[in-house]
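Visitor: Take a look and give me a structure for this.
(one chain, ligands or ions: 1)
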Amino acid sequence: MKAFAYHQPGQIPEAAKLLAAEPDSKLVAGGMTLIPTLKQRLASPPALIDLSKLPGLKGCTDNDATITIGAMTTHAEVAKSSLVRARIPALAALASQIGDPSVRNRGTICGSVANNDPAADYPAGVLGLAATIITNEREIAADNFFRGLFETALKPGEIITAVRFPVPLLAGYAKFKAPASRYALVGVFVAKFRDGVRVAVTGAGPGVFRVPPMEHALSQGFDPASIAAIRIDTDNLTSDIHAEADYRAHLVTVMAKRAVQAALSERPAS
Ligand SMILES: Cc1cc2nc3c(=O)[nH]c(=O)nc-3n(C[C@H](O)[C@H](O)[C@H](O)COP(=O)(O)OP(=O)(O)OC[C@H]3O[C@@H](n4cnc5c(N)ncnc54)[C@H](O)[C@@H]3O)c2cc1C
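Guide: Purely as a prediction, here's the structure:
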């Protein structure tokens with residue numbers, strides 16, 4: 001790891017100013033992804049800007065139609081939140097399946113969303129629920145936020161402060177874990193709203209994506225049988241040492257069916 005300056009600002013404008021002063025510096029949230037990257041010298045930022053002392057970035061709040069989760073809320077806190085468990089149990093179930101206890105106790109929702117790992121769980125929940133990413137500068141719809149492999153719509157210097165989730169009628173998440181890392185080989189988040197169904201897939205390709213044929217079929221009939229015959233194209237899917245594209249395509253249908261079943265029974269699926 002190379003030497004770097006370390007800042008611990010107490011206010012968001014101060015953090016933004018530090019970031020603007022040294023554009024190659026990095027925000028650090030839980031450090032679960034960033035610190036190993038520094039240790040391996042895959043990144044050598046001149047400074048780290050620690051978000052942990054910024055006020056108002058932790059916790060879950062709700063109103064009639066939405067839940068808002070602060071950027072620095074850990075996966076463990078989302079998994080245990082009585083509010084999230086009551087109103088979007090599938091999101092709490094998703095958070096409870098991330099990594100292991102040490103990752104869940106340090107890693108944060110917005111660290112995961114900003115990082116946009118192609119096998120991360122939160123991008124599926126954020127896109128599947130049509131969430132809104134709130135930054136210190138603007139609000140970005142999930143449909144416009146994820147841009148492929150580790151890329152997002154965030155501009156240099158932008159800090160995510162929270163994610164706002166519409167509360168669905170029903171939702172479910174099912175994940176086929178890579179045994180060693182516990183990242184998603186394929187994970188599917190399904191959410192039913194009054195005006196239709198959304199299906200978001202992580203792990204299968206270079207970034208999270210929606211599956212319109214499944215969304216259409218589930219909008220007609222919200223039942224695993226409605227999508228049993230739908231198989232997605234392998235063209236844009238990943239083949240690597242863990243699984244061929246063909247196997248991932250098969251898993252998308254299997255996980256989508258399990259996610260629908262989980263939504264119907266309001267139980268976490270695995
Ligand atoms: C062993 C292991 C297993 C894991 N398994 C899983 C898994 O099963 N599923 C899964 O989804 N993830 C998994 N992860 C990743 C984990 O969820 C991380 O917590 C997450 O990817 C990053 O969150 P963080 O808070 O640690 O962010 P950091 O590592 O601190 O930051 C990650 C990136 O996001 C940027 N960033 C952080 N916060 C903000 C913000 N508020 N605004 C703008 N940019 C920001 C940072 O600058 C950095 O570029 C695993 C990690 C490890 C080490």
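Visitor: Can you name the element that comes right after the helix or strand hosting L94?
Guide: Assigned by DSSP states H and E, L94 belongs to helix 89-96. Next helix or strand after helix 89-96 toward the C-terminus (DSSP H and E): helix 101-106.
Visitor: show me what contacts V208?
Guide: N116, P118, P123, A124, L127, F146, A200, V201, T202 (CB atoms under 8 Å, 6 or more residues apart in numbering). From N, CA and C alone the C-beta is placed, and that goes for glycine too.
Visitor: ok, 6 Å please
Guide: Listed by CB atoms under 6 Å, 6 or more residues apart in numbering, the contact set of V208 reads P123, A124, L127, F146, A200, T202.
Visitor: Residues of this protein that sit close to the ligand?
Guide: Within the chain, the residues that sit near the ligand (CB under 6 Å from any ligand atom) are 26-34, 51, 71, 98-99, 103, 106-108, 110-112, 114-115, 117, 120-122, 159-160, 181-183.
Visitor: Mind checking which of those residues are buried?
Guide: Buried members of the residues of the chain next to the ligand, scored by 16 or more other CB atoms under 10 Å, are 26-34, 51, 71, 98-99, 103, 106-108, 110-112, 114-115, 117, 120-122, 159-160, 182-183.
Visitor: about what we covered before: quick one: which of the contacts of V208 is most hemmed in?
Guide: Within the contacts of V208, most neighbours by other CB atoms under 10 Å means T202, with 33 neighbours.
Visitor: Sketch out the low-pLDDT regions of this structure for me.
Guide: 267-270 (pLDDT under 70).
Visitor: Recalculate using a threshold of 50.
Guide: For the chain, applying pLDDT under 50 flags the ranges 268-270.
Visitor: Please, where are all the strands along it?
Guide: 5-7, 26-28, 47-50, 60-62, 66-70, 132-135, 139-141, 160-166, 170-177, 184-193, 196-202, 209-210 (DSSP state E).
Visitor: now, of the ones you listed, which is deepest in the fold?
Guide: Comparing these on average neighbours per residue, with mean count of other CB atoms under 10 Å, the densest one is strand 184-193 at a mean of 28.
Visitor: ok, I160 - contacts?
Guide: So I160 contacts A71, C110, A114, I133, T135 (CB under 6 Å, 6+ apart).
Visitor: which of these lies closest to I241?
Guide: Closest to I241 out of these is A114 (26.7 Å), distances taken as CB to CB.
Visitor: so who does that closest one touch?
Guide: A114 touches I160, counting by CB under 6 Å, 6+ apart.
Visitor: so how far is the ligand from the closest residue to G10 other than its chain neighbours?
Guide: In space, and not counting its chain neighbours, G10 is closest to K53: 5.5 Å by CB to CB, 6 or more residues apart in numbering. Distance of K53 to the ligand, computed by CB to the nearest ligand atom, to the nearest Å: 13 Å.
Visitor: I'd guessed K53 sits against I12; true?
Guide: No: the pair K53 / I12 is not scored as a contact, 10.8 Å apart, by CB atoms under 6 Å.
Visitor: ok, and what's touching the helix holding L94?
Guide: When contacts are defined by CB under 6 Å, 6+ apart, helix 89-96 is touched by residues H75, V78, A79, V84, R85, D121, G125, A171, G172, Y173, E266, P268.
Visitor: Just the CA coordinates for it, please, in CSV.
Guide: Provided in CSV are the C-alpha atoms of helix 89-96 (Å, rounded to 0.1, in the frame of the first residue of the first chain):
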residue,chain,number,x,y,z
PRO,A,89,-38.6,-7.8,3.7
ALA,A,90,-36.9,-8.8,0.4
LEU,A,91,-34.4,-6.0,0.8
ALA,A,92,-33.6,-7.0,4.4
ALA,A,93,-33.2,-10.6,3.1
LEU,A,94,-30.9,-9.4,0.3
ALA,A,95,-28.7,-7.5,2.8
SER,A,96,-28.6,-10.6,5.1
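Visitor: tell me the angle of it relative to strand 196-202?
Guide: Using axes from the mean of the first three to the mean of the last three CA atoms, to 10 degrees, the inter-axis angle of helix 89-96 relative to strand 196-202 is 10 degrees.
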